[in-house]
Structures are given as C-alpha cells and as structure tokens.
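[1] Provided below for reference: sequence and predicted model.
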Amino acid sequence: MAGEINYADAPCAVRHDFGAAHQRFWQRLQSAGTWWTSEERIAIAAETRTATDCALCRARRDSLSPNAPAGRHDTIANLPEAAIEAIHRLVNDPGRLSARWFDGVMAAGLPVGHYVELVGTVAAMVSIDSFCRGIGVTLNPLPSPGAGQPSHYQPRTTRVDDAWVPMIPADANDGAEADLWQRGRTGNVIRALSLVPDEVRTLGDLSEAHYLPHTRVMNPAARGSHLDRNQIELLAGRVSALNQCFY
C-alpha cells in the first residue's frame, strides 16, 4: 500500500480529519467491493484520473451534442468498454447525462450494481484529487490491490422511484442499512447510491470532513469546523456553478 496519507507538508494548514478520511477510502480500495474486485476498483480510480486527457471527451465537450463525435476513449484501464464510457462521461460531462445515455450504458453490458459502485468510486476520487489540487499538493499514489471477491450484497428494500437506479426508500433504511441516514430524512443524492450501501458510507465519511455530516445537512443552523453555514453554502454554490451541476 502507498504510505500514510497526511497533509503536514501542504503549503497551508490542513485539519487532520481530511487525511484520515482519505486514508480510509484508500483502505477501502484495497478490499473487494460489492460488485468489483480491489484490482478493478483501483483501475476505476486510475481511469478517473486520466479521463480528463481523453481526446474524444474533449471533442464531445466542444460539441452541441455529446453523442455526435464518434471514436474511442483514450484509456489505461483493463475494464469493460461500458465502464470506461461511464467513467469518462461522469468525469468530463456530467451535466449532460440523460436517461437515454444511462439506458445505453446498461444495454452495453454494465449491470446496475456495478454502475452504482463505479459512480461512488469516481465521486470519491474526484473529491479527494480536487482537494489535493486545491491545497497545492501532489496527488496521493494509489494503493496496491488486495485479495478477495465482491460480496454481491443487495439490500432487500430497494426499488426504482426517483432515480434511474433502484434505491432504498427514505423511510426503509432498517436492519443492516439503519446507519445510512436518519430515518425518513435524507436527500436523493445520497439515496441514489444506496443500492450499494458501502458507497453511501464512503460518501458520508468524506462529507463529514469536506462538508458536513449527513445527519446535519438538513439543519440550516449546522456549522462546519471553521465556517458557518452561509459561508459553506456560498462556496458550495460557486463550485457547483463552475462544475455546471444541475443541483
């Protein structure tokens, strides 16, 4: 595994919990997930990093329709073609994803559980790497893959309602999923990962360091460690606008 993640040498002061949360995600990458092996999860992480240099993605971003330019993605990963397409679109053009695109990825052979786990991994990598670029440090070396096989675990209460993928209803996170959110109170952006509960847990772990704990997001008076809620949302809104996030 790569060395311990900490930001003691960053050109600015960084709280310890950032490095600790990033280290826990690196440790997760060293284990098999729900649908992908550790080797595949690390390949997804590596592809996330290199997708920004893809010539096809640049052509698509410059096109009125992302479906117009033809060709193949520049890739370094030994992953299914549908997974490569999903990673590149999530990284480079998420604002123009559509149900038609999603259905095409499913039809190309990427099972929905694999897709949800891939989305969680890409989101975590973008979050951590963007943090590193923001504070002016080198990206953390990816860990070596560990052993083990995916669990293929599926929550018993998932259904399709407000998303393209099955997810746990807001008031049905019980049993093994009782820790995912405060019962009956969570956002769809969190629920959308709940077909693979460990991706919700990873999102929550990173959110606690980068933003707010999930249990406090719906409280307008909640504060971060050093910023009040108005400052947090001003920064979040500006970043979302720059990233063309439809939320």
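    Sure, I can see it. Numbers count the residues shown, from 1 in each chain.
[2] For the one helix or strand residue 84 maps to, name the packing helices and strands.
    In the assignment (DSSP states H and E), residue 84 maps to helix 81-92. In terms of contacts (3 or more CB pairs under 8 Å, 6 or more residues apart in numbering; DSSP states H and E), helix 81-92 is packed against helix 38-50, helix 55-61, helix 99-107, helix 112-135. Every residue, glycine included, has its C-beta placed from N, CA and C.
[3] can we see that at 6 Å?
    helix 38-50, helix 112-135 (3 or more CB pairs under 6 Å, 6 or more residues apart in numbering; DSSP states H and E).
[4] same question for the next helix-or-strand element following the longest one, mean pLDDT?
    Counting by DSSP H and E, the element after helix 112-135 in chain order, helix or strand, is helix 188-191. The predicted model gives helix 188-191 an average pLDDT of 89.
[5] and if you look at stretch 14-28?
    Mean per-residue pLDDT for stretch 14-28: 96.
[6] Restrict that stretch to CA atoms and write it as PDB.
    Extracted C-alpha coordinates of stretch 14-28, given in PDB (Å, rounded to 0.1, in the frame of the first residue of the first chain):
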ATOM      1  CA  VAL A  14      -4.900  21.200   6.900                       C
ATOM      2  CA  ARG A  15      -7.000  19.600   9.500                       C
ATOM      3  CA  HIS A  16      -6.100  16.000  10.400                       C
ATOM      4  CA  ASP A  17      -9.500  14.600   9.600                       C
ATOM      5  CA  PHE A  18      -9.000  15.200   5.900                       C
ATOM      6  CA  GLY A  19      -6.000  12.900   5.600                       C
ATOM      7  CA  ALA A  20      -7.700  10.400   7.900                       C
ATOM      8  CA  ALA A  21     -10.900  10.200   5.800                       C
ATOM      9  CA  HIS A  22      -8.800   9.900   2.600                       C
ATOM     10  CA  GLN A  23      -6.800   7.200   4.100                       C
ATOM     11  CA  ARG A  24      -9.900   5.200   5.000                       C
ATOM     12  CA  PHE A  25     -11.100   5.400   1.400                       C
ATOM     13  CA  TRP A  26      -7.600   4.200   0.200                       C
ATOM     14  CA  GLN A  27      -8.000   1.200   2.500                       C
ATOM     15  CA  ARG A  28     -11.400   0.500   1.000                       C
END
